[in-house]
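# Whatever this is, show me its structure:
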Amino acid sequence: MGAMQLDRVTIEANRLTQTEQAQWGIEELIRYALSKRLIGEMDCPYVRNILLDMFQLAEPWAGYEATYSSDVEAADTPHYILNLLLDYGQVIGLIPDHTTTQRDLLDARIMGVLMPRPSETVAAFRRTEQENGIMQATREFYQLSVDSNYIRMDRVQHNDHWLYESKYGIIEMTINVSKPEKSPQEIAEARQTAASHYPQCLLCVDNVGYAGRANHPARQNLRVIPLTLHEEAWHFQYSPYVYYNEHSIVLRHDHVPMKLTKSTFHRLLEFTEQFPHYFIGTNADLPIVGGSILSHDHFQAGQHTFPIERATADRTFVYPQDEDIQVSIVRWPMSVLRVSGQDRERLIEVVYAIFKAWQVYTDPEVGIIAFTDEGDSCIPHNTVTPIVRRRGTAYEVDMVLRNNRTNSEHPEGIFHPHREMHHIKQENVGLIEVMGLAILPARLQQSSMLIATFLTGQQSWEQHKANMQAHDPLAVHRVWIESLIERYGIDNSLESAQRLIKQEIGHTFVEILGQAGVFKRNAEGQAAFERFINHLGRA
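Sure, this is the predicted structure:
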């Protein structure tokens, strides 16, 4: 919302009683929805009456118009208007407590009233695709997701973002504060909520239009586009907390676990035929090296050039069984084979052969063991994180080799952020981070601000350390802070201190990627990588 529009909303709202604010807010929301083409002029009375009923109002704002022109002047975003309505919803009991969770449930319910029906959304997408191409269709569908407040741009814009120049190229760094942290009250409420198996998970298509509950977000403003991939029903939607441009999720219609098979590679490459301007990839299908939701088969896609795509090749060779397929070892902290070719079916055969060879590959000299025996079970450890994109008419597949084995020294994972890195990141290294976009926890934002005061001399680290309690957020950073002070001193400018901290976080993230790599970027690791390449020639 522009400054003049915000001033108008604030001034107008301040003149009114809270009931009048709600009535006026409904009119403003209708004007907003018209300006964004969420509704048409004939929808105004219909939408107004639904919202009046929702907020238990007998009549509209005194200055309302039955319909507004579709070129009406309106707010750029709905957030300030929604806050007026959410505050009123709490007054009249629509929000049982003043938590972010409860406000979000009502927020989605309100915006759901302004949404076209799912079938109308799909029809509009297909019409635009036919008339103006798939790129314009995704652009408009993405904008619908933003305008409907399904994509929470008001929160996403608060994420910290910077670039780190590493020896592997530019790495994208983000501290993710867009997902609100649950308060103890909200956590307790979620635990007390009755168990439900509907929707089965956050990725099921049954989420479309769902009202939500304390432990499951509302999705009245979610819309999906049906797809057919490898003769199966799939759906395409956007992520509510986008990490990159047009961050989308491609989810299987059926609720089935993630499992990499030959069909997976068919689906990924077929998707890039339908959406040639998008990359697509999937998390690995094993715990530790896999994604957060392994229970529902899904991919992530979008229109973004990640650092891994810009990475150059260390060595390139022709695949022994198909001379038209080129394979490269990518110069990247993780262990990546880049496979490219013009013929989709032949490329799939090669990619799948590499995957199957890796699944059973063992090299004890560098800690790679494909299977371990646990009683009557044989536990697999090797898998891949595949990423697919188009290079003109060619297909390009990055195969990131993963292993999820643990041991006593690294119980969280041998090829996982090691414990000395956990003060920066201890979560799985997933698809997005594999590609060079760090998603770091929100706690780092506040911690970095505090650490900067020690590097400027505004506060004394020695004094802070002497009074530090176990729950102090800086306790986990103790070794790091002392290293920073030793190297950079305590008389930096604030701007310089903040820059140094961000550089150090970027350096640490690249080290984390290296720890997740199965073949290390040293002589021993690269010799082991060569052994695997030679094994492919025999496979």
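# So for Gln526, what's the nearest residue that isn't a sequence neighbour?
Excluding the flanking residues, the one nearest Gln526 by CB to CB, 6 or more residues apart in numbering is Phe519, at 6.6 Å. Placement of C-beta: from N, CA and C, glycine included.
# before we move on, what SS does the one you found have?
Three-state call for Phe519 (DSSP: H, G, I helix; E, B strand; the rest coil): coil.
# what does Leu286 give?
Relying on three-state DSSP, one would call Leu286 coil.
# hmm, back to that, any idea how far the residue nearest to Gln526 is from Gly525?
Look at Phe519 and Gly525: by CB to CB, to the nearest Å, they are 4 Å apart.
# Tell me which of those two has more neighbours.
Using other CB atoms under 10 Å, the more surrounded residue of Phe519 and Gly525 is Phe519, with 23 against 16.
# wait, doesn't the more buried one sit right on Phe532?
Yes - counting by CB atoms under 8 Å, Phe519 touches Phe532, with 7.4 Å between them.
# Common neighbours of those two, please.
Common neighbours of Phe519 and Phe532 (criterion: CB atoms under 8 Å, 6 or more residues apart in numbering): Leu401.
# same question for stretch 132-144, mean pLDDT?
For stretch 132-144, the mean per-residue pLDDT is 98.
# same deal with stretch 427-441?
Rounded mean pLDDT across stretch 427-441 is 95.
# Just the CA atoms from it would do, formatted as CSV, please.
Extracted in CSV, the C-alpha atoms of stretch 427-441 (Å, rounded to 0.1, in the frame of the first residue of the first chain):
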residue,chain,number,x,y,z
GLU,A,427,18.0,-28.8,9.9
ASN,A,428,18.2,-31.0,6.8
VAL,A,429,20.0,-29.6,3.7
GLY,A,430,17.0,-29.8,1.3
LEU,A,431,16.5,-29.2,-2.4
ILE,A,432,16.5,-25.4,-2.3
GLU,A,433,19.7,-25.2,-0.2
VAL,A,434,21.4,-27.9,-2.4
MET,A,435,20.9,-25.4,-5.2
GLY,A,436,22.7,-22.6,-3.3
LEU,A,437,19.9,-20.7,-1.6
ALA,A,438,20.3,-20.8,2.2
ILE,A,439,17.2,-20.9,4.3
LEU,A,440,18.4,-20.1,7.8
PRO,A,441,16.3,-20.0,11.0
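# Would you indicate which residues of that stretch are buried?
Buried residues in stretch 427-441, counted by 16 or more other CB atoms under 10 Å: 428-440.
# now do stretch 348-365
Going by neighbour count (16+ other CB under 10 Å), the buried part of stretch 348-365 is 348-355, 358, 361, 363.
# What of stretch 479-486?
Those would be 480-481, 484, for stretch 479-486 by 16+ other CB under 10 Å.
# Name the nearest of the residues you listed relative to Gly367.
Nearest to Gly367, judged by CB to CB, of these is Trp480 at 26.4 Å.
# did I read that right, the closest one in a strand?
No - counting by three-state DSSP, Trp480 is not part of a strand but helix.
# correct me, but it touches His423?
Yes - counting by CB under 8 Å, Trp480 touches His423, with 6.0 Å between them.
# Which neighbours do those two have in common?
Common neighbours of Trp480 and His423 (CB under 8 Å, 6+ apart) do not exist.
# ok, the nearest residue to His410 once chain neighbours are set aside to Gly93 distance?
In this structure, His410 finds its nearest non-sequential neighbour in His418, 6.1 Å apart by CB to CB, 6+ apart. His418 sits 50 Å away from Gly93, going by CB to CB.
# cool, and Arg478?
Taking CB to CB, one finds Arg478 at 47 Å from Gly93.
# These two: who's more crowded?
Arg478 (14 against 8).
# can you list the weak-confidence ranges in the protein?
For the chain, the stretches flagged by pLDDT under 70 are 1-14, 180-195, 538-539.
# how far out from the middle of the chain is stretch 380-390?
Relative to its parent chain, stretch 380-390 has a centroid offset of 18 Å by CA atoms, centre = their mean, to the nearest Å.
# One more: stretch 509-518?
Counting by CA atoms, centre = their mean, stretch 509-518 is centred 20 Å from the centre of its parent chain.
# residues in contact with stretch 400-420?
With contact meaning CB under 8 Å, 6+ apart, stretch 400-420 is reached by 284, 286-290, 334-337, 358, 367-369, 372, 381-387, 424-429, 434, 479, 512, 515-519, 532.
# Determine how far the last residue of it lies from the first.
Terminal residues of stretch 400-420 are spaced 24 Å apart (CA to CA, to the nearest Å).
# mind listing what's buried in it?
Those would be 400-406, 410, 413-418, for stretch 400-420 by 16+ other CB under 10 Å.
# could you dump those residues to CSV with secondary structure and distance to Val156?
As requested, the buried residues of stretch 400-420 are arranged in CSV below (DSSP: H, G, I helix; E, B strand; the rest coil; distance: CB to CB, whole Å):
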residue, secondary structure, distance to Val156
Val400, strand, 26
Leu401, strand, 32
Arg402, strand, 28
Asn403, strand, 33
Asn404, coil, 31
Arg405, coil, 36
Thr406, coil, 34
His410, coil, 34
Gly413, coil, 29
Ile414, coil, 34
Phe415, coil, 30
His416, coil, 27
Pro417, coil, 25
His418, coil, 30
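# ok, so of those residues, who is nearest Tyr80?
Pro417 (39.7 Å).
# And that closest one, how close does it get to Gln220?
37 Å.
# what's the distance between stretch 312-319 and the middle of its chain?
31 Å.
# and for that stretch, what are the contacting residues?
By CB under 8 Å, 6+ apart, the residues outside stretch 312-319 that reach it are 325-331, 338-339, 350, 533, 536.
# Farthest pair within those?
Arg331 and Val350 (21.1 Å).
# Show me where the stretch 351-500 of the chain has its strands.
371-374, 377-380, 382-391, 394-403, 437-440 (DSSP state E, counting those that start in this stretch).
# Put together CSV for those strands, with distance to Asn245 on each row.
Below are the strands of the stretch 351-500 of the chain laid out as CSV (distance: least, CB to CB, whole Å):
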stretch, distance to Asn245
strand 371-374, 40
strand 377-380, 35
strand 382-391, 14
strand 394-403, 19
strand 437-440, 11
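# Could you find the closest non-adjacent residue to Glu27?
Trp61 (4.9 Å).
# Which of the buried residues of stretch 348-365 fall in helices?
Among those, the members falling in helices (DSSP state H) are 348-355, 358.
# which stretch of helix or strand covers the residue in the chain sticking out farthest from the centre?
For the chain, the residue at maximal distance from the C-alpha centroid (CA atoms, centre = their mean) is Ala62, at 43.4 Å. Per DSSP states H and E, Ala62 falls between elements, in no helix or strand.
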